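Quick one: sequence plus predicted model below, questions after.
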Amino acid sequence: MINIFLKSFTTLIIVNLTIFDIYAQWNPQPNWRDSYDANGLCWCDSSNFDHGLDTKTVNINGTDYLVMDICDELQYHPLYRARLSGDPTYNDIQCGNGPYNDAPDEAGCPGRVDLGPDGCWILGPGWDMDWLESRTRFGGNGNAIVHTIPGKIEAEEFSSQNGVQTEATSDSGGGLNVGYIHAGDYMIYNVDVAQSACYNVSCRIASLNNSIQFDLLDENENILASFYSNSTNGWQNWANISEQVELSAGIQTIKIVANSGNWNINWIDFQLTACCNVNASCNDGDVCTVNDQYNSNCECVGAFQDSDNDGICNANDNTNGNCTLNAACNDGDACTINDTYKANCECVGTFQDSDNDNTCDANDNTNGNCTLNAICNDNDACTINDKYNANCQCLGTFQDSDGDQICDAYDECPGSNDMVDTNNNNIPDGCETGVVLNIGVRVFLEGLLQSYGKMSTDLNSNDLIPMSNPFSNIPPYYSGNEQITNLSNTIVDWILLRVLDSSGNKISEQIALLNDDGFVKNVDGSSSLSFTIPNGDHKYLSIHHKSHLALIADIEGNSFVDFSQNGTALGVGATKNVYNKETMFAGDFDCNGIINNLDFNIWELNNAAVNQYLNQDADGNGIINNLDYNIWDVNKSKVGHSMIQN
């Protein structure tokens, strides 16, 4: 049971407020938003749990739990998704249903903030209380959904998960699928197996470019089956893959663990099937074999029986080792005549080719309409050595020197596989010079890092982050044309990454998105960044933000660069420790690698600007004020590494 208590004086205020009072006192703004309505339920959207909300509790199963913990757990709900533009948003943490924070506007205007004063008492749905009661974190038994086997399990109906999200699917039947999967992510399902038996497990999967690999485990973490599929060439291009498992009857849990990332799953279907026992007798349907048995792959296989070693199995060998030398026989070859047994009981005839064109008389159908093997042209640019065959067809030999299934005439990158594009830039790897560098990055920004270990997403919450490359006309300058259509509510801002050689020369660069936990994400949402770089020389990675002093690190031999750790960034005192994490110094508003009076001049030029995306915004809240000046003042005279100074 969940009880939410409101103070009596709050109720009294609500009863006595008139519509005129609400219009007179409250004019809600979009940045008042603390929650939103999606998939028919309410989800939290607070970045700081301000005005005492961090101490508010809700009673679940007889125990009071912090609102912050409830909001954290709701992210694992099967219907959870990040806020999208157009979702109804509310002042209160539970779409107007409380508990309210200590600011008077929450009691006076808890409803829709996207509708102005008219929305103050338009309330939305509440949290899924039944689901919260079932969670083990809040004293529940965790068995909100128990799936019956045999039967189909919708992938989003897990009892718990790690790392994945749900999204709408265009697959047959609609609904949701599970996506945003990374290697190591998992989903756990409660199941009730009707009988101990073997089951055929069919999984509905899709991916854009990546192969799909995952294991099905029992509740003791034993692997029941391993699944693999090539890419289906589309996030919603669905295909089925199947394996056989053996399950014991009863209520239990099963677990899907991802061994690769960037794929989707819609459902898992368990249906009864016949079991096979290794070495048990069977019938492979081949009269040439004996002692047929099931092997470890459940294939029925027997031993080929050929007593006289003539290559003809006993069942089809009429001589059985006893033949008359030179006796007439039939070797089954229409191209031969005068077939007789040889000393080894092999039936052999004389190849018949009257016109010596290497096509036997029985198969020679030219009938004088063409000259066999004469040169011709089949009008196919992909073939060479075109000649007439026995049926007067002009045929050539398909020419594919590098074996990539693309003929030499149309081969974009001769000598390499045109179908391989590791960094997904629509240029085959063989056409690119150098090698592909895949690397992960983590970094925190001073001024945005909060005491609870994550960065503020105020720019995102106030819809100030551009949906395309922001650095085309502001420092640090970058000319790419990257765009995004959706922005997760955990994104902090855009950043720029560059790969440099040992002389500080730029080799490659790209922009990316910074998550509130410090991890850098590609514009497609993945956490792996790819750079095409030449072979040789030592490589370095620099990271740039519009308001902060750039950092640089040695990446030779590294696949992950964690700037939040002391010593990762090159240079003495290159980073600033904030809340026990190393951060980028704020205040380099012109991104030239030095914090000085030039940056102050830029700040002064736009002081008091509100709700704008500007370099001078040191704390990333969309407002230029003395708080940004104070950060600059503390850091002035700070100089970045020489390799990133402009």
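The structure has been received and is ready for your questions.

Check the gap between S502 and T457 for me.
Distance, S502 to T457, using Cβ to Cβ, to the nearest Å: 37 Å. Backbone N, C-alpha and C define where each C-beta goes, glycine included.

same question for the strand ranked longest in the chain, mean pLDDT?
If you go by DSSP state E, the chain has its longest strand at strand 234-247. Averaging pLDDT along strand 234-247 gives 95.

Contacts for that strand, please.
If you take Cβ atoms under 8 Å, 6 or more residues apart in numbering as the criterion, strand 234-247 is touched by 149, 169-172, 179, 193, 196-208, 212, 216, 224-229, 232, 264, 266, 270, 273, 275, 298.

tell me what the helix or strand following it is packed against?
Per DSSP states H and E, strand 234-247 leads on to strand 250-258 as the next helix or strand towards the C-terminus. Contacts defined by 3 or more Cβ pairs under 8 Å, 6 or more residues apart in numbering; DSSP states H and E place strand 250-258 against strand 186-193, strand 212-217.

helices or strands next to the last one in the packing?
Spelled out, it's strand 212-217. Against strand 212-217 (3+ Cβ pairs under 8 Å, 6+ apart) you get strand 223-229, strand 234-247, strand 250-258.

if you set the cut-off to 10 Å instead, what comes out?
Packing contacts for strand 212-217, counted by 3 or more Cβ pairs under 10 Å, 6 or more residues apart in numbering; DSSP states H and E, involve strand 186-193, strand 197-207, strand 223-229, strand 234-247, strand 250-258, strand 264-273.

list the contacts for the residue nearest to D380 when sequence neighbours are not counted?
Closest residue to D380 apart from its sequence neighbours, by Cβ to Cβ, 6 or more residues apart in numbering: G396 at 6.3 Å. Counting by Cβ atoms under 10 Å, 6 or more residues apart in numbering, G396 makes contact with 376-387.

Make TSV out of those and add neighbour count, distance to P414 and pLDDT.
Formatted as TSV, those follow (neighbours: other Cβ atoms under 10 Å; distance: Cβ to Cβ, whole Å; pLDDT from 0 to 100):
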residue	neighbour count	distance to P414	pLDDT
C376	17	26	92
N377	9	23	91
D378	14	22	87
N379	9	22	91
D380	15	18	91
A381	12	14	87
C382	16	14	92
T383	17	17	92
I384	13	15	93
N385	9	19	92
D386	16	21	89
K387	17	25	92
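
Quick check: the two most widely separated of those?
A381 and K387 (16.7 Å; Cβ to Cβ).

ok so, going back, could you tell me the least trusted of the helices and strands packed on strand 250-258?
Looking at the helices and strands packed on strand 250-258, the weakest mean confidence is strand 186-193, a mean of 94.

Roughly how far does D192 sit from H147?
For D192 relative to H147 (Cβ to Cβ), the value is 7 Å.

neighbour count winner among those two?
H147 (19 against 14; other Cβ atoms under 10 Å).

sec struct for the more buried one, please.
strand (DSSP: H, G, I helix; E, B strand; the rest coil).

now swap in D105 and tell me
Quick answer, by three-state DSSP: D105 is helix.

check contacts around it.
Here D105 is in contact with 25-28, 32, 51, 91-92, 113, 120 (Cβ under 10 Å, 6+ apart).

Let's see that with 6 Å instead.
W26 (Cβ atoms under 6 Å, 6 or more residues apart in numbering).

What are the buried residues along stretch 336-343?
336, 339-341 (16 or more other Cβ atoms under 10 Å).

Looking at these, which are in strands?
336, 339-341.

Show the pLDDT at the residue nearest to D380.
Listed pLDDT for G396 reads 90.

What strand or helix carries D402?
Using DSSP H and E, D402 sits within no helix or strand.

Roughly how far does the closest residue to it other than its chain neighbours sit from C407?
Sequence neighbours aside, G415 is the residue nearest to D402 in space, at 5.2 Å (criterion: Cβ to Cβ, 6+ apart). Per Cβ to Cβ, G415 is found 14 Å from C407.

Any stretches of the chain with poor pLDDT?
1-24, 141-144, 296-297, 318-322, 365-369, 421-427, 429-434, 646 (pLDDT under 70).

Nearest residue to the middle of it?
The residue lying closest to the centre of the chain (Cα atoms, centre = their mean) is N262, at 2.5 Å.

so who does it touch?
N210.

make it 10 Å
179-183, 207-212, 231, 235, 524-526, 528.

Filter those residues down to the buried ones and hand me the ChimeraX line.
Buried residues within those, by 16+ other Cβ under 10 Å, are selected in ChimeraX with:
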select :179,180,181,182,207,208,212,231,235,526,528
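
now the helices for the stretch 1-150 of the chain?
Taking DSSP state H, counting those that start in this stretch, the helices of the stretch 1-150 of the chain run over residues 8-16, 19-25, 67-74, 104-108, 129-134.

residues in contact with Q510?
Listed by Cβ under 10 Å, 6+ apart, the contact set of Q510 reads 423, 425, 478, 480, 482, 496-499, 522-523, 529-531.

Drop anything exposed from those.
Of the contacts of Q510, these count as buried by 16+ other Cβ under 10 Å: 423, 478, 482, 496-499, 522-523, 529-531.

If we only consider the residues you listed, which is nearest to D588?
Nearest member of those to D588, counting by Cβ to Cβ, is L496, at 13.1 Å.

Touching, that closest one and H548? I think so.
No: assessed by Cβ atoms under 10 Å, L496 is found out of contact with H548, at 11.1 Å.

How about N515: what's its closest non-neighbour residue?
By the measure of Cβ to Cβ, 6+ apart, the closest residue to N515 outside its immediate chain neighbours is T490, 5.3 Å from it.
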